[in-house]
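Trainee: Please find the sequence and the predicted model below.
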Amino acid sequence: LARPLHIDGFTITGADQGGGVMANGYARRLQVSNNRITGNQGIEGGGIRIGHANLVEEFDANQLRYVASRNTSVDVFRNEVVQNGNTAGDLVGGGGGVSLFTGAHGYRVNSNFVCGNYSTGDGGGIAHIGQNANSSGRTPTIDRNTVLFNQSFNQGTNPNGGGLAITGLQTLVATNPVGLSTGTGSVLVNANTFQGNLAGAG
């Protein structure tokens, strides 16, 4: 295998649309580590964003489904993710600090300091939104992170998960959500510290 792409040792600040780090698609085995990611803003995710929250395709009689970005086996570790935010509003989106959207199969988010982030969608600190499955024997894992004083709040909707949100997405008919979610896939959440987080309206 080729060596993985590695984003390591940077201070990333001042983004105003895409968030601090954004992996679009097919970022297989990407590693994001040892960075200070602070003071960034995005529409769907604020600090580190893996994939897309609102990328859809038509598959049957005006029914839409969310498209997997195929960012498999991504590792996000030992980062300081502080004071980032998103402006998802009425759109699907979330993760003021770290966002993991449909197709981030087999990701690992571990040993990060996630503090003081803000989301107008689900997950003030960390958000797993959509279906992210096992990949090459790797279960999506959120492990040994410190998640402090993050907030999700939006007066117009009811976002959930001040510290962490894990949620699926519904099939859409003419952009209206209908029926049951396709689920999230298995997720392991282990040995994290959650303290002082707030879901202000959810």
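Mentor: Received it, and whenever you're ready, just let me know what you need. Keep in mind the model is a prediction, meaning the values are calculated, not measured. Residues are numbered from 1 along each chain as shown.
Trainee: Residue 152 is in contact with residue 202, correct?
Mentor: Yes. Using C-beta atoms under 8 Å, residue 202 is in contact with residue 152, at 6.2 Å. (Glycine included, C-beta is placed from N, CA and C.)
Trainee: Now list whatever residues contact both of the two.
Mentor: Common contacts of residue 202 and residue 152 (C-beta atoms under 8 Å, 6 or more residues apart in numbering): 122, 159, 160, 161.
Trainee: Name the residue in residue 202 and residue 152 with the higher neighbour count.
Mentor: residue 152 (33 against 17; other C-beta atoms under 10 Å).
Trainee: Now for the more buried one: which residues touch it?
Mentor: Counted by C-beta under 8 Å, 6+ apart, residue 152 has contacts 94, 96, 118-124, 159-162, 165, 198-202.
Trainee: Beta-bridge partners for it, please?
Mentor: Beta-bridge partners for residue 152, by DSSP bridges, are residue 119, residue 199.
Trainee: any residues touching the worst-scoring helix or strand of the chain on mean pLDDT, and which ones?
Mentor: Lowest by mean pLDDT, DSSP states H and E among the helices and strands of the chain is strand 176-181, with a mean of 78. With contacts defined as C-beta under 8 Å, 6+ apart, strand 176-181 is touched by 167, 168, 169, 170, 171, 172.
Trainee: coming back round to it: ranking the shared contacts of residue 202 and residue 152 by neighbours, who comes first?
Mentor: residue 122 (29 neighbours).
Trainee: Apart from its neighbours in sequence, what residue is nearest the residue most central in space within the chain?
Mentor: The residue lying closest to the centre of the chain (C-alpha atoms, centre = their mean) is residue 99, at 1.4 Å. Of all residues not flanking residue 99 in the chain, residue 45 sits nearest, at 3.0 Å (C-beta to C-beta, 6 or more residues apart in numbering).
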